[in-house]
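Peer 1: Model the following, please.
(chains A and B)
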Amino acid sequence: MRLKKNIASSESGFIFNPGTGDSFSANPIAAEIFLQLKDGNAVADIKKNILAKYDVDTNVLEKDWDDFNAQLREANLLDI
Amino acid sequence: MDDNNQQLVIAVTGLNAIDSPGPGVAVIRALRDDLPKNIRIIGLAYETLEPGIYLHDIVDKTYQIPYPSAGSDALLARLQYIHQKENINVLIPNFDAELYNFIKLGPALKSIGIQTFLPTQQQFEARDKINLYQFGVQHGLMVPMDKIIYSSNELFSCGEAMGYPLVVKGKFYDAIVANTLEEAQKAFYKLAAKWGFPIIVQQFIAGTEINIAVLGDGKGNAISAIPMRKLYITDKGKAWAGITLQDETLIQLAQTFVQATNWKGGCELEIMRTANGSPYIMEINPRFPAWIYLTAGAGQNQPAALVKMAMGETVEPYKDYAVGKMFIRYAWDHITDVSEFQQISGYGETASPTPPKEGL
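Peer 2: The predicted model follows:
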């Protein structure tokens, strides 16, 4: 799971794809994950951080992660 | 071009800043941003209610000119009259329908000291929507398949070859997406009644609408190319908001077009980018688009560069522009007096230098 290099984002959750002109609003947790992805952090490390920081079950995290991944792909924000 | 030089006088058409706007006002705003402060802008208008006529911080003085249907002789006579009074240096026409006459008059205008920077008649005709598919094939550009037809009987074979939906287009303007043969026939008769023959039937391409404003130097170099995605589209299909994009494929497409044609002047490539990223050229407009001021906002002022080239300067191709720069168009009620309206209606030109402010 790798973001396209030129994707811009802010801490407020605003995401902009300069190649398509699309913009998105992410909720706070999605924005946090997005910024970590942008920083080049490994998926396993990001998940570990989320599990340590928030009261969330591993299965729930995995399910939500898959959903998030699908949304990023649908939004054309990932390198295929 | 510095402020100490003699005043530069630039004539501009397309002052109809309405819901389906002409590019004139945007072109002038771009010129005023980059050229010396003392430039004088002469508006050339067809109708008396073109908003630019009344915007005196944009246009210094406006003259009416004859409709293109009056022919090039009538236009030349009128321009000679205006030139005697204004000593025009550069003229920038901004309507498709008037370009034929202005291109034809290019040498005559040059001989009296008016510079233009326009494509040749050949370039102008090659990108006409009637010739577009052939043009694409010739230059290796992706253009939807089309067929030029004169009878509704030909629609059946178009459907067989292209499938549905397909697009039925008028000779000059308008396009209707038809999902069945019956819808195609209805569109055929509607467009034929409005614009005459031929009718263009074009393969439907699904995707994202992107436009590229391009400036060619006439020697095969793209001086500037700015891709823009429409973010808000009016019911007339016009961009009411848009954003500049970062996409090397689109820039290369523009460069390929300019190199293949030696395009001279401004133009707009209308692109449909499919889900797999293929950029199809849907139309090529042979003049600046109405959103041209965005090129100035993004750091590549195409109208100003055109004027410099028209005046004989060498302009190096721009390299960078601001990605994510947006325009959002707005409507604004400008208040004027009936005396101004009667001035342009009655005399065919606005008062000079300051328009009357009081009543009749």
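
Peer 1: give me every residue that touches A:Ser9.
Peer 2: Applying CB atoms under 8 Å, 6 or more residues apart in numbering or on different chains to A:Ser9 gives the contacts A:Ile15, A:Phe16, A:Ala26, A:Ala31, A:Phe34, A:Leu35, A:Lys38. Heads up, the C-betas are built off the backbone N, CA and C, glycines and all.

Peer 1: how about JSON lines for these, with secondary structure, pLDDT and distance to B:Gly113 added?
Peer 2: JSON lines is the format used below for these (DSSP: H, G, I helix; E, B strand; the rest coil; pLDDT from 0 to 100; distance: CB to CB, whole Å):
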{"residue": "A:Ile15", "secondary structure": "strand", "pLDDT": "94", "distance to B:Gly113": "54"}
{"residue": "A:Phe16", "secondary structure": "strand", "pLDDT": "94", "distance to B:Gly113": "48"}
{"residue": "A:Ala26", "secondary structure": "coil", "pLDDT": "93", "distance to B:Gly113": "59"}
{"residue": "A:Ala31", "secondary structure": "helix", "pLDDT": "93", "distance to B:Gly113": "60"}
{"residue": "A:Phe34", "secondary structure": "helix", "pLDDT": "92", "distance to B:Gly113": "59"}
{"residue": "A:Leu35", "secondary structure": "helix", "pLDDT": "92", "distance to B:Gly113": "60"}
{"residue": "A:Lys38", "secondary structure": "helix", "pLDDT": "91", "distance to B:Gly113": "57"}
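
Peer 1: which one of those is nearest chain B?
Peer 2: Chain B has its nearest neighbour among the contacts of A:Ser9 in A:Phe16, at 6.1 Å by CB to the nearest CB.

Peer 1: Contacts only, for the closest one.
Peer 2: By CB under 8 Å, 6+ apart, the neighbours of A:Phe16 are A:Ile7, A:Ala8, A:Ser9, A:Asp22, A:Ser23, A:Phe24, B:Gly324.

Peer 1: wait, what's in contact with the residue nearest to B:Val315 when sequence neighbours are not counted?
Peer 2: Nearest non-adjacent residue to B:Val315, counting by CB to CB, 6 or more residues apart in numbering or on different chains: B:Ala305, 4.9 Å away. Contacts for B:Ala305 (CB under 8 Å, 6+ apart) come out as B:Leu215, B:Ile223, B:Ser224, B:Val315, B:Tyr318.

Peer 1: check contacts around the fourth one.
Peer 2: Okay, so that is B:Val315. Residues near B:Val315 by CB under 8 Å, 6+ apart: B:Asp217, B:Ile223, B:Ala305, B:Lys308, B:Met309.

Peer 1: So which of the residues you listed wins on neighbours?
Peer 2: B:Ala305 (25 neighbours; other CB atoms under 10 Å in any protein chain shown).

Peer 1: any idea how far B:Phe288 is from that residue?
Peer 2: Using CB to CB, to the nearest Å, B:Ala305 is found at 11 Å from B:Phe288.

Peer 1: same question, A:Glu11
Peer 2: On the measure of CB to CB, A:Glu11 and B:Phe288 end up 39 Å apart.

Peer 1: Of these two, give the one with the bigger neighbour count.
Peer 2: Comparing A:Glu11 with B:Phe288 by neighbour count (other CB under 10 Å), the higher total belongs to B:Phe288, at 29 against 10.

Peer 1: B:Gly277 - how many residues pack around it?
Peer 2: Count around B:Gly277 with other CB under 10 Å applied: 13.
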